[in-house]
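# Could you work out the structure for the sequence below:
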Amino acid sequence: MRRKQHAVGQPGDIAFLLIIFFLVLIGLQGARSIELSVGGQSVAEGLGTLFIILQADGTIVQGESSLPLNELSRTITHYDTLHLEVAGEAVWQDVVTVLAIADEHRTTVSLEVLQ
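You can find the predicted model right below:
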């Protein structure tokens with residue numbers, strides 16, 4: 001007498017579920033947040049917050065002085081939070097570059113777009 005085999009699942013279904021499983025695990029590991037400020041509302045300040053403004057021409061301003069991009073990488077290491085104000089006309093590649101530097105140093109970012 002032959003026994004009836006129970007189908008566990010198609011190989012394609014199992015592969016699809018494994019892909020979803022690994023994507024969820026990767027997403028949980030790399031989850032970070034960016035605080036946004038809308039309408040000029042202030043963002044909560046931490047003790048080690050670096051405040052910079054990215055102007056339309058790509059210039060980074062910290063306080064009253066200009067900060068070169070290569071100096072930002074060294075400066076950001078002393079802070080745990082970056083508050084980035086971006087001029088509305090700024091090139092977004094510059095914004096991405098600054099965010100990449102912050103990500104490289106595992107710095108929390110709050111982002112505000114100025115109009």
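# residue ranges with poor pLDDT in the protein?
1-9, 26-47 (pLDDT under 70).
# so where do the strands sit in it?
Remark: strands assigned in the chain by DSSP state E are 34-37, 49-54, 60-62, 65-67, 81-87, 108-114.
# Need the winner for burial among the ones you listed.
strand 81-87 (a mean of 20; mean count of other Cβ atoms under 10 Å). For every residue, glycine as well, the C-beta is placed using N, CA and C.
# Send me the top helix by length along the chain as PDB with only the CA atoms.
The residue-count maximum for a helix in the chain (DSSP state H) belongs to helix 11-29. C-alpha atoms of helix 11-29 as PDB (Å, rounded to 0.1, in the frame of the first residue of the first chain):
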ATOM      1  CA  PRO A  11      10.200  25.400  -3.500                       C
ATOM      2  CA  GLY A  12       9.300  28.800  -5.000                       C
ATOM      3  CA  ASP A  13       7.000  29.600  -2.000                       C
ATOM      4  CA  ILE A  14       9.700  28.600   0.500                       C
ATOM      5  CA  ALA A  15      12.300  30.700  -1.300                       C
ATOM      6  CA  PHE A  16       9.900  33.700  -1.300                       C
ATOM      7  CA  LEU A  17       9.300  33.400   2.400                       C
ATOM      8  CA  LEU A  18      13.000  33.200   3.100                       C
ATOM      9  CA  ILE A  19      13.600  36.300   1.100                       C
ATOM     10  CA  ILE A  20      10.900  38.200   3.100                       C
ATOM     11  CA  PHE A  21      12.300  36.800   6.300                       C
ATOM     12  CA  PHE A  22      15.900  38.100   5.600                       C
ATOM     13  CA  LEU A  23      14.600  41.500   4.300                       C
ATOM     14  CA  VAL A  24      12.700  42.000   7.600                       C
ATOM     15  CA  LEU A  25      15.800  41.100   9.600                       C
ATOM     16  CA  ILE A  26      18.000  43.500   7.600                       C
ATOM     17  CA  GLY A  27      15.400  46.200   8.000                       C
ATOM     18  CA  LEU A  28      15.300  45.800  11.800                       C
ATOM     19  CA  GLN A  29      19.000  45.900  12.100                       C
END
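# that older thread, now the strands of the chain in CSV, with distance to Val95?
Formatted as CSV, the strands of the chain follow (distance: least, Cβ to Cβ, whole Å):
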stretch, distance to Val95
strand 34-37, 11
strand 49-54, 6
strand 60-62, 11
strand 65-67, 15
strand 81-87, 6
strand 108-114, 8
